[in-house]
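Asker: sequence first, predicted model second:
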2 protein chains.
Amino acid sequence: MPVFLDTSDADFETAFVRLLNAKREDSPDVDAAVAEIIADVRARGDAAVLELTAKFDRLDLTADKLAISEAEVDAAIASVSPQERAALELAADRIRAYHAQQMPADAQWEDASGATLGWRWSPVSAAGLYVPGGLASYPSSVLMNAIPAQVAGVARLAITVPAPDGVLNPLVLLAARLSGVTEIYRIGGAQAIAALAYGTQTIAPVDKITGPGNAFVAAAKRRVFGKVGIDMIAGPSEILVIADRNNTPDWIALDLLSQAEHDESAQSLLITDDADFGRAVATAVEHRLKTLDRRKIAGASWQDFGAVITVRDLDEAAELSNRIAPEHLELCVADPQALSLKTIHAGAIFLGQYTPEAIGDYVGGPNHVLPTARSARFSSGLSVMDFVKRTTLSQMTPAALRAIGPAAEVLAKSESLEAHGLSVTARLDALNTE
Amino acid sequence: MPVFLDTSDADFETAFVRLLNAKREDSPDVDAAVAEIIADVRARGDAAVLELTAKFDRLDLTADKLAISEAEVDAAIASVSPQERAALELAADRIRAYHAQQMPADAQWEDASGATLGWRWSPVSAAGLYVPGGLASYPSSVLMNAIPAQVAGVARLAITVPAPDGVLNPLVLLAARLSGVTEIYRIGGAQAIAALAYGTQTIAPVDKITGPGNAFVAAAKRRVFGKVGIDMIAGPSEILVIADRNNTPDWIALDLLSQAEHDESAQSLLITDDADFGRAVATAVEHRLKTLDRRKIAGASWQDFGAVITVRDLDEAAELSNRIAPEHLELCVADPQALSLKTIHAGAIFLGQYTPEAIGDYVGGPNHVLPTARSARFSSGLSVMDFVKRTTLSQMTPAALRAIGPAAEVLAKSESLEAHGLSVTARLDALNTE
């Protein structure tokens, strides 16, 4: 059973803080190993990548086989059922339509001094998307990472996906095809991140790397940050459901389990203003756990990190939600729009009882790459913004320089940066003797 | 003398790549020391911060003196000259006006399926701004970091600024006052970053940390990234000026020197389509270097990392500029707006001969915290966007769930995530039996 808390209990605050700070991830310290792998790939390029792939993925390749050919992709895609293809296409279309709304606008204006100011956005030239192999090789993640880059206008879009023992998921390749991926390499781990960041003889370096991965991938992304941009270091998944009594306990139970089944370290939380409803949901979870395919994983997550919290009212629920800053937040209440105005720290909000979180994982439209581990306090889910950057623009006229230049001279002097000041003074002097 | 290159030379590409890859920063490996400092501050809070401040800043404090009081700020500000105050106020007003244009808009719309989709932006609750002490304690940097946070609506805005031997810059305190800073702590180094990220008995933790700093500060920011958000790991400053012959060599020389005087590792580059003009600028630089206060620093930077590159035409200049991806880019050419459309990888562009880069450092309006070391390929200068985060919104109706739910069921099945699928199925079953 998960923990049951009630804000009316005297020791609630202590128990809640313990829940907030529960260390869910036992991340092994792989940093030294990763540093070595990165140095090796930088030094030896393809040769290092091939050796590491043979070692970790039990896959012997030659440099000309690092990339997956169009013909291979075609062959793999042919094995996808029409039903799966249609579902993936619907997902891609909806994700593309949502992300198209995110394209930021350029701006340029003239201010009172006569200066023209503004900015211009442009896409990164090349992005690399890491796709995990094996069990966690999710075609939906390919769509969620690649489509924002495609919408942003990224010209080169490279995927790395390990093929342990040579096995690749055809749906991953179809997802890549549907989302404008231009290159696919059958490599993974820290060596894939190093190859994307620094390049090899075969793989040209990229400017930005996104995508989920294991501890090695996370450590490698942290290390190459600065040389390239990265999205975020993602932790195990989380969901918080805020539900009143007017819900079907089984639906809420399934929503909680849909995060719990991801990972034993995942966390599923329910906040309700009705203790009886909370117990009914917990009972429904236990019932579903009897038959669920991934009951071992989901059960461990629910047992170790699950919680049912009873609150006095929905305002209190919103306060707790903001302290949790959940990755996924479901608002199954009478007026979810009103409550959503109060739950400001969350990666994604799903409003109303007909919006299970799983809709957002696949076909809703918004991105499913979202800030975990309370980082929704300061960061956002993946978006088009991750694949564009802004250049600011300023253009002074002689009049504008006369108006604001003297203040720059004063400040440069106060910071003892003489050449800064002189670069303004020389121009003002010339203007004043004209 | 700096290096002189010409794209017509046979060995140009080799020389240019050498210039691009020149290792300008000799960053000492302080990571182990920083890890220890962070662990110490996490374990012992104020006590650790006080000890480290006594050790590194030669400043003996007690916990109640960590924060600088309003009265102290008042007293320090009283010593600022009216001229300096007016200049700082003009700068603050212009920076605020520019950044106010950056506030991103919320959105919500209904799509063809009947689903309501959108997003909402909200500020981070608390931001910490690191301000270096000593020589590099720049009031302009306080404005550039704090005002975007203020515009974003950040409620708690804490500054840390070391006071070596107890000395503080009154202009830094005035800049803090002008930009809505709510707390100022006289601490610095990795211990300040650790205190902001994890909190101590006296200092509440923040959600986002920005601001420049030395190697210790940079290493600490990299380490706390994930626990809090950070802006970027900044390297030494750079400028690229693209200028045709119709410019005053002395003005361009001063613009190059205004970056060179920052740091011996700074880099100043000139690209011109007229070799004679390039030589004239180099001569003007040498002339100015004879008298410049910071001639030792500026001279070393120009000598070691400066370059004058002659190109065939401005298109070639734009191509090289994009490979350099400079932090600051001046376009001193007949049609700077047209050229700026081609120079897409740059932190900030200054258009025309009346826009010296120094204007942007102080009073232009755009931010002066900009991506260095070629990171303008994938990142942007500091902005309001660094202090807000986006929550995505989705709300299905029964009709919308009927329309798109089946595709989610198919994809959940293909990813072997049964509970994901069941959370949709349970709702569709209920809708279909209504």
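Answerer: Received the coordinates, thanks.

Asker: all helices for the stretch 1-150 of chain A, in order.
Answerer: Ranges of helices in the stretch 1-150 of chain A, per DSSP state H, counting those that start in this stretch, are A:12-21, A:31-44, A:46-57, A:70-78, A:82-100, A:139-152.

Asker: which one of these lies nearest to chain B?
Answerer: helix A:82-100 (3.8 Å; C-beta to the nearest C-beta). C-beta coordinates here come from the backbone N, C-alpha and C atoms, glycine included.

Asker: any bit of stretch A:309-319 sitting next to chain B?
Answerer: No: using C-beta under 8 Å from any C-beta of the partner chain, stretch A:309-319 stays clear of chain B, with a minimum separation of 12.5 Å.

Asker: if we can go back for a sec, Serialize the helices of the stretch 1-150 of chain A to TSV and add fields for mean neighbour count.
Answerer: Formatted as TSV, the helices of the stretch 1-150 of chain A follow (neighbours: other C-beta atoms under 10 Å in any protein chain shown):
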stretch	mean neighbour count
helix A:12-21	14
helix A:31-44	17
helix A:46-57	19
helix A:70-78	13
helix A:82-100	19
helix A:139-152	27
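
Asker: dump those into JSON lines; add mean pLDDT and distance to chain B as well.
Answerer: Output for the helices of the stretch 1-150 of chain A, formatted as JSON lines (pLDDT from 0 to 100; distance: least, C-beta to the nearest C-beta, whole Å):
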{"stretch": "helix A:12-21", "mean pLDDT": "94", "distance to chain B": "12"}
{"stretch": "helix A:31-44", "mean pLDDT": "96", "distance to chain B": "10"}
{"stretch": "helix A:46-57", "mean pLDDT": "97", "distance to chain B": "20"}
{"stretch": "helix A:70-78", "mean pLDDT": "96", "distance to chain B": "14"}
{"stretch": "helix A:82-100", "mean pLDDT": "98", "distance to chain B": "4"}
{"stretch": "helix A:139-152", "mean pLDDT": "97", "distance to chain B": "6"}
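
Asker: format those helices as JSON lines; extra columns: distance to residue A:367.
Answerer: Putting the helices of the stretch 1-150 of chain A into JSON lines (distance: least, C-beta to C-beta, whole Å) gives the following:
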{"stretch": "helix A:12-21", "distance to residue A:367": "25"}
{"stretch": "helix A:31-44", "distance to residue A:367": "27"}
{"stretch": "helix A:46-57", "distance to residue A:367": "28"}
{"stretch": "helix A:70-78", "distance to residue A:367": "24"}
{"stretch": "helix A:82-100", "distance to residue A:367": "7"}
{"stretch": "helix A:139-152", "distance to residue A:367": "5"}
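
Asker: how about these, which one is nearest residue A:211?
Answerer: For the helices of the stretch 1-150 of chain A, distance to residue A:211 was read as C-beta to C-beta. The smallest value, 5.2 Å, belongs to helix A:139-152.

Asker: got the contact list for the nearest residue to residue A:84 once chain neighbours are set aside?
Answerer: Nearest residue to residue A:84, sequence neighbours excluded (C-beta to C-beta, 6 or more residues apart in numbering or on different chains): residue B:414, at 5.5 Å. For residue B:414, the contact set (C-beta atoms under 8 Å, 6 or more residues apart in numbering or on different chains) comprises A:84, A:87, A:139, A:171.

Asker: what about stretch A:155-174, near chain B?
Answerer: Yes: Stretch A:155-174 comes into contact with chain B (C-beta under 8 Å from any C-beta), by way of residue A:171.

Asker: so for that stretch, what's the average pLDDT?
Answerer: Averaged across stretch A:155-174, the pLDDT comes to 95.

Asker: quick one: is the helix or strand of chain A with the lowest mean pLDDT near chain B?
Answerer: Lowest mean confidence among the helices and strands of chain A (mean pLDDT, DSSP states H and E): helix A:215-224, at a mean of 92. Yes: between helix A:215-224 and chain B, judged by C-beta under 8 Å from any C-beta, the touching residues are residue A:222.

Asker: just how off-centre is that helix within its chain?
Answerer: The chain centroid and the centroid of helix A:215-224 are separated by 15 Å under C-alpha atoms, centre = their mean, to the nearest Å.

Asker: and the strands in the stretch 151-300 of chain A?
Answerer: Ranges of strands in the stretch 151-300 of chain A, per DSSP state E, counting those that start in this stretch, are A:156-160, A:183-185, A:208-210, A:229-230, A:238-243, A:267-272.

Asker: hang on, the earlier thing: so what does the least confident helix or strand of chain A touch, helix or strand wise?
Answerer: helix A:31-44, helix A:189-198, strand A:229-230 (3 or more C-beta pairs under 8 Å, 6 or more residues apart in numbering or on different chains; DSSP states H and E).

Asker: and the ones you listed as a markdown table, adding distance to residue A:246?
Answerer: Output for these, formatted as a markdown table (distance: least, C-beta to C-beta, whole Å):
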| stretch | distance to residue A:246 |
| --- | --- |
| helix A:31-44 | 49 |
| helix A:189-198 | 47 |
| strand A:229-230 | 43 |
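
Asker: of those, which is nearest residue B:348?
Answerer: Proximity to residue B:348, assessed across the helices and strands packed on helix A:215-224 by C-beta to C-beta, is greatest for strand A:229-230 (17.8 Å).

Asker: tell me what the closest one is packed against?
Answerer: Short answer (3+ C-beta pairs under 8 Å, 6+ apart): strand A:229-230 packs on strand A:208-210, helix A:215-224.

Asker: can you list contacts of that strand?
Answerer: Under C-beta under 8 Å, 6+ apart, the answer for strand A:229-230 is A:124, A:207-210, A:221-222, A:224, A:386, B:375, B:378-379.

Asker: of all the helices of the stretch 1-150 of chain A, which one comes closest to residue A:317?
Answerer: helix A:12-21 (12.5 Å).

Asker: restricting to C-alpha, output that closest one in PDB.
Answerer: Provided in PDB are the C-alpha atoms of helix A:12-21 (Å, rounded to 0.1, in the frame of the first residue of the first chain):
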ATOM      1  CA  PHE A  12       1.400  16.100   7.900                       C
ATOM      2  CA  GLU A  13       4.100  18.600   7.200                       C
ATOM      3  CA  THR A  14       6.900  16.200   8.200                       C
ATOM      4  CA  ALA A  15       5.400  13.400   6.200                       C
ATOM      5  CA  PHE A  16       4.800  15.600   3.200                       C
ATOM      6  CA  VAL A  17       8.400  16.900   3.200                       C
ATOM      7  CA  ARG A  18       9.600  13.300   3.500                       C
ATOM      8  CA  LEU A  19       7.600  12.400   0.400                       C
ATOM      9  CA  LEU A  20       8.900  15.500  -1.500                       C
ATOM     10  CA  ASN A  21      12.500  14.600  -0.700                       C
END
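
Asker: what angle separates that helix from strand A:267-272?
Answerer: 150 degrees (axes from the mean of the first three to the mean of the last three C-alpha atoms, to 10 degrees).

Asker: spatially nearest residue to the residue minimising distance to the centre of chain A (excluding sequence neighbours)?
Answerer: Of all residues in chain A, the one closest to the mean position by C-alpha atoms, centre = their mean is residue A:369, 3.4 Å from it. In space, and not counting its chain neighbours, residue A:369 is closest to residue A:382: 3.8 Å by C-beta to C-beta, 6+ apart.

Asker: so the one you found sits in a strand?
Answerer: No: applying DSSP: H, G, I helix; E, B strand; the rest coil, one finds residue A:382 to be coil, outside a strand.

Asker: tell me how many other residues crowd it.
Answerer: For residue A:382, the count of nearby residues is 25 (other C-beta atoms under 10 Å in any protein chain shown).

Asker: and what of residue A:346?
Answerer: 29.

Asker: I'd guessed it sits against residue A:376; true?
Answerer: Yes: contact status for residue A:346 versus residue A:376: in contact at 5.3 Å, counting by C-beta atoms under 8 Å.

Asker: who touches both of the two?
Answerer: A:325-327, B:391.

Asker: in strands only, show me these.
Answerer: With DSSP state E as the criterion, strands contain residue B:391 from among these.
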